[in-house]
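the amino acid sequence is not available; the structure is as follows:
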Ligand SMILES: CC(C)(COP(=O)(O)OP(=O)(O)OC[C@H]1O[C@@H](n2cnc3c(N)ncnc32)[C@H](O)[C@@H]1OP(=O)(O)O)[C@@H](O)C(=O)NCCC(=O)NCCS
């Protein structure tokens, strides 16, 4: 019920921002925003090990822009293998993060809009599940729960109660166990392809 009220309120609220796919011209603004919102420790997180040297999952780097086109929010999702399933095969999933909103724009629904857009786009692209490390009281409203990631581990220190999962396809994470590993496109290979083109 709370989730329904949340979406109705977000729908009725006056919008002064849009959600769009990130472009190369947004990168500097995004990095500055992340420094402001998350501080210098942001690069030491275990999630960073799964992002370093990789490109985000196709179509899943989003920004929120204000009326002037300035980046006021960012979210990206990354291809990972979430351990193995009961059949011993790797379980493909997405790792979400970082999600951040310009501190001056917090509480206006920007974070929620980014989350809903990311979940919708990941679903439309056929992904099975999204994992993240974050505050459960915030992410539960979007359907993320620690129980979905209970047999998975991050490749570094993490707080178990903050490691959350959302299934986009029924039972996708059932039996998934083991350590997350990066499986996305490598940055260097993408740059080589761009040079060759
Ligand atoms: C967390 C963050 C993305 C939320 O963005 P936002 O645009 O302010 O979020 P929304 O406006 O969509 O939602 C605001 C609601 O979320 C709640 N909220 C925000 N952060 C929360 C948290 N860490 N835990 C629980 N609730 C939280 C607010 O209290 C507010 O609740 P209300 O709707 O009942 O008033 C933003 O505060 C941020 O960038 N924080 C710093 C970076 C960060 O910590 N990111 C990871 C989050 S774990």
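Here it is on my side, so go on. Every value quoted in this text rests on a predicted model; they were computed, and no experiment measured them.

and the gap between the residue in the chain that the ligand sits nearest to and residue 92?
Nearest residue of the chain to the ligand (CB to the nearest ligand atom) works out as residue 111 at 2.5 Å. (Glycine included, C-beta is placed from N, CA and C.) From residue 111 across to residue 92, the span is 26 Å (CB to CB, to the nearest Å).

who's more crowded, these two?
More crowded of residue 111 and residue 92, by other CB atoms under 10 Å: residue 111, with 19 against 15.

sec struct for that one, please.
The three-state assignment at residue 111 reads helix, by DSSP: H, G, I helix; E, B strand; the rest coil.

can you tell me the number of residues neighbouring the closest residue to it other than its chain neighbours?
Nearest residue to residue 111, sequence neighbours excluded (CB to CB, 6 or more residues apart in numbering): residue 101, at 4.9 Å. Here the number of neighbours of residue 101 (other CB under 10 Å) works out to 23.

and the helix or strand hosting residue 97, what other elements does it pack with?
Assessed by DSSP states H and E, residue 97 sits inside strand 90-101. If contacts are counted by 3 or more CB pairs under 8 Å, 6 or more residues apart in numbering; DSSP states H and E, strand 90-101 sits against helix 27-38, helix 46-51, strand 71-84, helix 110-124, strand 129-133.

may I see the buried residues of it?
Neighbour counts using 16 or more other CB atoms under 10 Å place 91, 93, 94, 95, 96, 97, 98, 99, 100, 101 of strand 90-101 among the buried residues.

nearest to residue 28, of these?
residue 100 (14.8 Å; CB to CB).

what's across from the residue nearest in space to the middle of the chain in the sheet?
Compute the mean C-alpha point of the chain, and by CA atoms, centre = their mean the closest residue is residue 96, 2.0 Å away. For residue 96, the beta-bridge partners under DSSP bridges are residue 77.

contacts only, for it.
Residue 96 sits next to 75, 76, 77, 78, 118, 130, 131, 132 when contact means CB atoms under 8 Å, 6 or more residues apart in numbering.

go again using 7 Å as the cut-off
For residue 96, the contacting residues are 75, 77, 118, 130, 132, by CB atoms under 7 Å, 6 or more residues apart in numbering.

what's the answer for residue 121, then?
59, 60.

also the one 4 residues further on?
Listed by CB under 7 Å, 6+ apart, the contact set of residue 125 reads residue 59.

8 Å - rerun?
Contacts of residue 125 (CB under 8 Å, 6+ apart): 57, 58, 59, 60.

check it and give its pLDDT.
The per-residue pLDDT reported for residue 125 equals 98.

for it, give me phi and psi.
phi -90, psi 0 (degrees, to the nearest 10).

tell me the spacing between it and residue 44.
Distance from residue 125 to residue 44, by CB to CB: 30 Å.

do the same with residue 168
In this view, residue 168 and residue 44 are 29 Å apart by CB to CB.
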